[in-house]
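[1] sequence and predicted structure are below.
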Amino acid sequence: QVLSVFKKLHRTRQYVFQGDARALVEGRQKINETFRQNRNESNAEEVQKMIKLAVDVDHELRTNIIQAHRRDDNVYELRITPETTRLDNVVFNPDAVIEPPRRRKGDKASNCCGGAAMAALEAESNSAKK
């Protein structure tokens, strides 16, 4: 299982960073170093946690890394794979009315931090005025 996830991370590294020699070398070194550091781990529970972490890292790399390459005309060309996470792009409406947050029942009219930060700031400014 450990060997399988090790190989999978290297395949993902090659796929995600293809064409970027520096990222490929750095990625290989980091993967090898991390696995080498933990090679003597004998606690099965800890090994399973590390395997889960490696699988999660693999997923993050495949879904959230986008390569950008600047062309000669100063335009960036993106390499977006089918696995890349895409979110809906909503156009900002400058005429939108943004309501202030509603206060909870029983809350005093306070700003952030329960009002403690504002009270401290006011006390400091009042002492500075004196």
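    Noted; the coordinates are in hand.

[2] just the strands in the protein please.
    Per DSSP state E, the chain carries strands over the ranges 67-70, 76-79.

[3] show me the shaky parts of this structure.
    Residue ranges of the chain with pLDDT under 70: 106-118, 125, 127-130.

[4] longest helix in it, by residue count?
    helix 44-64 (DSSP state H).

[5] pull out the buried residues from that one.
    By neighbour count on 16 or more other C-beta atoms under 10 Å, the buried set for helix 44-64 is Met50, Ala54, Asp58, Leu61, Arg62. In short, each C-beta sits where N, CA and C put it, glycine included.

[6] mind giving me the packing neighbours of that helix?
    For helix 44-64, the packing partners by 3 or more C-beta pairs under 8 Å, 6 or more residues apart in numbering; DSSP states H and E come out as helix 2-16.

[7] distance from the helix it packs on to the middle of the chain?
    In terms of C-alpha atoms, centre = their mean, to the nearest Å, the centre of helix 2-16 is found 20 Å from the chain centre.

[8] in that helix, what's buried?
    For helix 2-16, by 16+ other C-beta under 10 Å, it's Val5, Leu9, Thr12, Arg13, Val16.
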